[in-house]
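[1] sequence-free structure coming up:
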């Protein structure tokens, strides 16, 4: 019908946050500081959590390093210990320079199920070959509140 399907990176009304270079950071303090900046951007939009954090594959091992010297947690453990941060999830389709924080509340982001998972099968060669396909239609829908606030923050790494 001419409508546009948006994803986390291009949905209108998301909070844009500039981040520092996490790959060059000497410890996890920089990462935690930036994530708290993203959290504050969402709090400023009256989106109070809980939050899911999505990172690109290139940052997977960065989160597994020690938070800082002499500290008994990894950066991932430190981040997940912060109030309202649920978990850090790696998305292999996320660009290397993007980090996404999403408020996981109903009415913020929902999945529209246009066609439930359906098995389709057919025969060829007189029934000697059986073919199977699985199909579905699922589309994300983002909804802002009456003030145009959306619980999605997109962080840009240099």
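    Yep, it's here. Just so we're clear, the structure is a prediction, and the values are computed from it rather than from any experiment. Numbers count the residues shown, from 1 in each chain.
[2] alpha carbons only for contacts and neighbour counts from here, please
    Noted.
[3] Of all the helix elements in this structure, which one is longest?
    helix 29-44 (DSSP state H).
[4] Mind checking the pLDDT average for whichever helix or strand comes after that helix?
    Read in the C-terminal direction, the helix or strand following helix 29-44 is strand 51-56, with elements assigned using DSSP states H and E. For strand 51-56, mean pLDDT rounds to 96.
[5] Likewise for stretch 150-158?
    Stretch 150-158 comes out with an average pLDDT of 95.
[6] Same question for stretch 131-143.
    Looking at stretch 131-143 alone, the average pLDDT works out to 93.
[7] who's in contact with it?
    The set of residues external to stretch 131-143 that reach it, using Cα atoms under 8 Å, 6 or more residues apart in numbering, is 5-7, 11, 107-124, 150.
[8] Derive a ChimeraX selection command for the buried subset of the residues you listed.
    This is the ChimeraX syntax for the buried subset of these, where burial follows 16 or more other Cα atoms under 10 Å:
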select :11,108,109,150
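[9] Can you tell me the element the residue nearest to residue 112 when sequence neighbours are not counted falls in?
    Leaving aside its sequence neighbours, residue 112 sits nearest to residue 139 (Cα to Cα, 6 or more residues apart in numbering; 5.1 Å). Taking DSSP H and E as the criterion, residue 139 maps to strand 129-142.
[10] Tell me the buried residues in that strand?
    residue 142.
[11] The helix or strand just after that strand pairs with which strands, parallel or anti?
    Beyond strand 129-142 on the C-terminal side, the first helix or strand identified by DSSP H and E is strand 152-156. Partners of strand 152-156 in the sheet, by DSSP bridges, are strand 15-18 (parallel), strand 98-103 (antiparallel).
[12] export those strands to JSON lines and tack on mean pLDDT and mean neighbour count?
    Converted to JSON lines, the strands paired with strand 152-156 look like this (pLDDT from 0 to 100; neighbours: other Cα atoms under 10 Å):
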{"stretch": "strand 15-18", "mean pLDDT": "96", "mean neighbour count": "18"}
{"stretch": "strand 98-103", "mean pLDDT": "96", "mean neighbour count": "24"}
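[13] Sweet, I'm off.
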